[in-house]
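K.L.:
Provided below for reference: sequence and predicted model.
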Amino acid sequence: MSLFNQTIHNHQTFTLIGIPGMPEKDFWMALPLCLLYSNTFLGNFIILVVIKVERSLHEPMYYFLAMLAATDLSLSLSSMPTMISVHLFDWRSVTLDVCITQMFFIHNFGGVESGVLVAMAFDRFVAIRFPLRYAAILTHGVIIKIGAAVLLRSVSVVLPV
């Protein structure tokens, strides 16, 4: 009886199957994913470049928009390559370390994105409520502190898990 109780399962690798029962459709799933990923990457990259180059956009509202674009870019970068590799290159195994790392970044950037949206709402509140003191309230230092607080909040929530 003791021989049967000594089985060891080592789940260090996960097998991703994509859409069950339709492996012949993997290319047709990879094509829209690649188009979606390239559009997301190109659109957010253009937003970041335009805000960086155009001097008139160096205001708090556009800094928060740049934070949102960078977060969206990072979020898609942390999840989309794995999905594309499953469907396009037939790479179906993922190690536990890679899976946990990817989960950390997906949840972390999701939390950052919600925090940036709250910061954008606060920016609009200050612009509506205190229009004459807007520039004095939301200085570059305050924006950096808000961005750091959003990032720290997300990391501190996701890291213990």
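P.N.:
Good, I have the coordinates. Here the structure is a predicted model, which is why all the values come from computation and not from measurement.
K.L.:
The longest helix along the chain packs against which elements?
P.N.:
Ranked by residue count and defined by DSSP state H, the top helix of the chain is helix 96-129. The contact analysis (3 or more CB pairs under 8 Å, 6 or more residues apart in numbering; DSSP states H and E) places helix 96-129 against strand 13-15, helix 60-88, helix 134-137, helix 140-158. The way it works is simple: take the backbone N, C-alpha and C, and place the C-beta from them, glycine included.
K.L.:
if we go to 7 Å?
P.N.:
Helix 96-129 is packed against helix 60-88, helix 134-137, helix 140-158, with contacts defined by 3 or more CB pairs under 7 Å, 6 or more residues apart in numbering; DSSP states H and E.
K.L.:
Between helix 60-88 and it, find me the angle.
P.N.:
An angle of 150 degrees separates the directions of helix 96-129 and helix 60-88 when computed by axes from the mean of the first three to the mean of the last three CA atoms, to 10 degrees.
K.L.:
Looking at helix 96-129 now, give me its mean pLDDT.
P.N.:
Taken as a whole, helix 96-129 carries a mean pLDDT of 93.
K.L.:
just stretch 40-55 next, same as before
P.N.:
95.
K.L.:
what's the pLDDT at Ile8?
P.N.:
Predicted confidence (pLDDT) for Ile8: 62.
K.L.:
Please save the CA atoms from stretch 70-88 in PDB.
P.N.:
Coordinates of the C-alpha atoms in stretch 70-88 are reproduced here as PDB (Å, rounded to 0.1, in the frame of the first residue of the first chain):
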ATOM      1  CA  ALA A  70       2.800  53.600 -21.200                       C
ATOM      2  CA  THR A  71       0.700  51.400 -18.900                       C
ATOM      3  CA  ASP A  72      -1.400  50.100 -21.800                       C
ATOM      4  CA  LEU A  73       1.800  49.400 -23.800                       C
ATOM      5  CA  SER A  74       3.300  47.500 -20.900                       C
ATOM      6  CA  LEU A  75       0.100  45.600 -20.300                       C
ATOM      7  CA  SER A  76      -0.200  44.400 -23.800                       C
ATOM      8  CA  LEU A  77       3.600  43.600 -23.900                       C
ATOM      9  CA  SER A  78       3.200  41.400 -20.900                       C
ATOM     10  CA  SER A  79       0.400  39.200 -22.200                       C
ATOM     11  CA  MET A  80       0.100  39.300 -26.000                       C
ATOM     12  CA  PRO A  81       3.500  37.600 -27.000                       C
ATOM     13  CA  THR A  82       2.500  34.500 -25.100                       C
ATOM     14  CA  MET A  83      -0.900  34.400 -26.800                       C
ATOM     15  CA  ILE A  84       0.600  34.900 -30.200                       C
ATOM     16  CA  SER A  85       3.300  32.300 -29.600                       C
ATOM     17  CA  VAL A  86       0.700  29.700 -28.700                       C
ATOM     18  CA  HIS A  87      -1.300  30.200 -31.800                       C
ATOM     19  CA  LEU A  88       1.300  31.100 -34.400                       C
END
